[in-house]
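> sequence plus predicted model, see below.
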Amino acid sequence: MIKDFDDELARMDELERDSDTPINQGLSLNDPIEHLSLRDHPSVESGTNLESVIKILGDKKVGCIMIEKNSQIIGVMTERDFLLRVTGKGLDLQSEFVDDYMTKNPETLKPNDPISYAFNKMHIYGIRHIPIINENGKIYGLISVKDIISHLGNYFGVDILNLPPNPSQDVLDRPEGG
């Protein structure tokens, strides 16, 4: 039994040494965006109907889709865009096109821009998603508030996991764990 436990601890140490996940990297607001583990975000071509875009949002479980034309980003369509510009208007979603309802010419960043620039743009413009484009203007990915929070959560994981269950509780009144 103790040998099994020692083997498990050794394996955990090995995985931690070999890992290149954010939990093993220092965090700085000057780190480039490309250091974040960006999730795959879908894009659609200009001229796609709203019904298709809604289906992709639901199927992929994302809050934003990038709209492109000739491999260049021309807009984004977010859940908020649907809520404010489409919902309740009685539109035929098969015959309405994303181009008429998307946020045009969205703020963008480059992969080597610091994470702090993403924070700044999200705060200043009140947005939750920023397309990342390469030096040729082609789509590289998309950064969301969730991506940044995940990165912070990985870095500060031990501190977060060891918080008391009640925010007003300074210390735990009994040991936690199994």
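Nice, I can see it.
> which parts of this protein are strands?
43-45, 64-69, 72-78, 103-104, 129-133, 139-144 (DSSP state E).
> now the fourth one: mean pLDDT?
Strand 103-104 carries an average pLDDT of 96.
> ok, and what's touching it?
Strand 103-104 is contacted from outside by 74, 75, 76, 77, 78, 81, using CB atoms under 8 Å, 6 or more residues apart in numbering. Where you see a C-beta, it was placed from the backbone N, CA and C, and this is true even at glycine.
> re earlier: export the strands of the chain to JSON lines and append columns for mean neighbour count and distance to residue 34.
Formatted as JSON lines, those follow (neighbours: other CB atoms under 10 Å; distance: least, CB to CB, whole Å):
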{"stretch": "strand 43-45", "mean neighbour count": "16", "distance to residue 34": "18"}
{"stretch": "strand 64-69", "mean neighbour count": "21", "distance to residue 34": "17"}
{"stretch": "strand 72-78", "mean neighbour count": "20", "distance to residue 34": "17"}
{"stretch": "strand 103-104", "mean neighbour count": "14", "distance to residue 34": "24"}
{"stretch": "strand 129-133", "mean neighbour count": "23", "distance to residue 34": "8"}
{"stretch": "strand 139-144", "mean neighbour count": "22", "distance to residue 34": "8"}
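> okay, the contacts of strand 103-104 in JSON lines with pLDDT and distance to residue 149 next?
Formatted as JSON lines, the contacts of strand 103-104 follow (pLDDT from 0 to 100; distance: CB to CB, whole Å):
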{"residue": "74", "pLDDT": "96", "distance to residue 149": "28"}
{"residue": "75", "pLDDT": "97", "distance to residue 149": "25"}
{"residue": "76", "pLDDT": "97", "distance to residue 149": "19"}
{"residue": "77", "pLDDT": "97", "distance to residue 149": "22"}
{"residue": "78", "pLDDT": "95", "distance to residue 149": "17"}
{"residue": "81", "pLDDT": "95", "distance to residue 149": "22"}
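> quick check: which ranges of the chain have low pLDDT?
1-28, 154-162, 169-178 (pLDDT under 70).
> can you give me the helices for it?
Ranges of helices in the chain, per DSSP state H, are 2-18, 50-60, 79-85, 115-125, 145-155, 157-161.
> so which of the strands of the chain gets nearest residue 31?
Judged by CB to CB, the one of the strands of the chain that comes nearest to residue 31 is strand 139-144, at 12.3 Å.
> for the closest one, packing partners?
Applying 3 or more CB pairs under 8 Å, 6 or more residues apart in numbering; DSSP states H and E, we find strand 139-144 packed against strand 64-69, strand 129-133.
> thinking again about what came up before, out of the strands of the chain, flag the one nearest residue 113.
The closest of the strands of the chain to residue 113 is strand 129-133. By CB to CB, the value is 8.1 Å.
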